[in-house]
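Chemist: coords below, sequence missing:
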Ligand SMILES: [Zn+2]
């Protein structure tokens, strides 16, 4: 019996949805859950993963209503509310869960820049910057996030990897694209060979930005409008959305609500990577919003005081 056009279309749509979902897997290891990009797992010499919130040794009070309520979390960033011992213990737990307790962690003092460090040997100090790359075995490159996008890159042909931290400032500075360029210079990488995993970050649903951010994107990218929901053109052009305050009939001292857009950092960074020469089919963006899913992730914007997750990649 022939399948009707509509039914065929819906079957195809379901298959496509399943395929998109199957690019990501939450792997349980003891009390921890590690998010992995399935296409990265085909390389036996590669280790990678994005940490999540549950498990760990840290005690976080994230309830504004009940200050005595403590939650046990895997905080991987040094913070005032947590002890160095617990963060170090959490990092060891995460590393063990990745299956490479003997590799060395390399992290950064992240400053929302476009600065990249190539790792060839041990570092004497924690460098300032927002991207790490290596072609050397034994290093686990880690970037910390709690809403910003952690991006992991692998060049399977030359066995080179990179980890990138991209908030809106790093995205405007094209840090992901510059990392691809640097891999080309350092390792002979061809961008069409690179696989990219864009880990969990604040989603288009929750990431509200004002005219300052919209203007920066509009000045840098001709295709920026597609990464925003809301009155992009109005905010980008600098038009005052409320030119005649007396028309809004607000009482003296009251301002009309600020007009905002929603930004999709996954879409922006995917486009930047595609412009740098990556094939669209090799770019995998995790369909999780950190702000919607505080059961599974940390969200600085939603919670204020919270932990940090880590996106990690290395050659073993
Ligand atoms: Zn959301």
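Modeler: In hand now; what should we look at? Since this is a predicted model, take the numbers as computed values, not measurements.
Chemist: When you work out contacts or count neighbours from here on, use the C-alpha atoms and nothing else.
Modeler: Noted.
Chemist: for residue 196, helix, strand, or coil?
Modeler: strand (DSSP: H, G, I helix; E, B strand; the rest coil).
Chemist: near the ion, which residues of the stretch 151-300 of the chain show up?
Modeler: Contacts of the stretch 151-300 of the chain with the ion, taken as C-alpha under 5 Å from the ion, map to 203, 205, 206, 289, 291, 292.
Chemist: What's the ChimeraX syntax to select whichever of the residues you listed are buried?
Modeler: Typed into ChimeraX, the line below selects the buried ones among these, using 16 or more other C-alpha atoms under 10 Å:
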select :203,206,289,291,292
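Chemist: Return the member of the residues of the stretch 151-300 of the chain next to the ion nearest to residue 25.
Modeler: Residue 25 has its nearest neighbour among those in residue 289, at 15.4 Å by C-alpha to C-alpha.
Chemist: other SSEs contacting the helix or strand harbouring residue 94?
Modeler: Following DSSP states H and E, one finds residue 94 within helix 84-98. Packing partners of helix 84-98 (3 or more C-alpha pairs under 8 Å, 6 or more residues apart in numbering; DSSP states H and E): strand 32-37, strand 46-50, strand 54-60.
Chemist: can you rerun that using 10 Å?
Modeler: strand 24-29, strand 32-37, strand 46-50, strand 54-60, strand 104-106, strand 309-315 (3 or more C-alpha pairs under 10 Å, 6 or more residues apart in numbering; DSSP states H and E).
Chemist: Check the offset of the second one from the chain's centre.
Modeler: For strand 32-37, the gap between its own C-alpha mean and the chain's C-alpha mean amounts to 14 Å (C-alpha atoms, centre = their mean, to the nearest Å).
Chemist: Which pLDDT value goes with the residue in the stretch 1-150 of the chain positioned nearest to the ion?
Modeler: Per C-alpha to the ion, residue 147 is where the stretch 1-150 of the chain lies closest to the ion, at 10.1 Å. In this model, residue 147 is scored at 97, pLDDT.
Chemist: burial count for it?
Modeler: Using other C-alpha atoms under 10 Å, residue 147 has 26 other residues around it.
Chemist: Could you do residue 184 as well?
Modeler: Residues near residue 184, counting by other C-alpha under 10 Å, number 14.
Chemist: Kindly report the same for residue 80.
Modeler: 8.
Chemist: before we move on, what about residue 123?
Modeler: The number of residues near residue 123, taken as other C-alpha under 10 Å, comes to 10.
Chemist: Relative to residue 311, how far out is it?
Modeler: Residue 123 sits 19 Å away from residue 311, going by C-alpha to C-alpha, to the nearest Å.
Chemist: How about residue 190, nearest residue that isn't a chain neighbour?
Modeler: residue 184 (6.2 Å; C-alpha to C-alpha, 6 or more residues apart in numbering).
Chemist: And that neighbour, how close does it get to the ion?
Modeler: As judged by C-alpha to the ion, to the nearest Å, residue 184 and the ion stand 35 Å apart.
Chemist: Looking at that residue now. What's its pLDDT?
Modeler: Reported pLDDT for residue 184: 98.
Chemist: Would you enumerate the residues in contact with it?
Modeler: Residue 184 is in contact with 155, 178, 190, 191, counting by C-alpha atoms under 10 Å, 6 or more residues apart in numbering.
Chemist: and if you look at residue 85?
Modeler: Residue 85 touches 57, 58, 78, 91, counting by C-alpha under 10 Å, 6+ apart.
Chemist: and these, which two are the farthest apart?
Modeler: Pairwise across the contacts of residue 85, and taking C-alpha to C-alpha, the largest span is found between 57 and 78, at 13.2 Å.
Chemist: Name the residues contacting each of those two.
Modeler: 85, 86, 87, 88.
Chemist: Pull out the buried members of those.
Modeler: Of those, these count as buried by 16+ other C-alpha under 10 Å: 86, 87, 88.
Chemist: so the first one sits right up against residue 74, yeah?
Modeler: Going back to what we said before, that points to residue 86. Yes. Contact criterion C-alpha atoms under 10 Å: residue 86 and residue 74 qualify, at 9.1 Å.
Chemist: Now the common contact residues for those two.
Modeler: 56, 57, 58, 59.
Chemist: Can you lay out those as JSON lines showing distance to the ion, neighbour count and pLDDT?
Modeler: Shown next, in JSON lines, are those (distance: C-alpha to the ion, whole Å; neighbours: other C-alpha atoms under 10 Å; pLDDT from 0 to 100):
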{"residue": "56", "distance to the ion": "24", "neighbour count": "23", "pLDDT": "95"}
{"residue": "57", "distance to the ion": "27", "neighbour count": "20", "pLDDT": "95"}
{"residue": "58", "distance to the ion": "25", "neighbour count": "23", "pLDDT": "96"}
{"residue": "59", "distance to the ion": "25", "neighbour count": "18", "pLDDT": "94"}
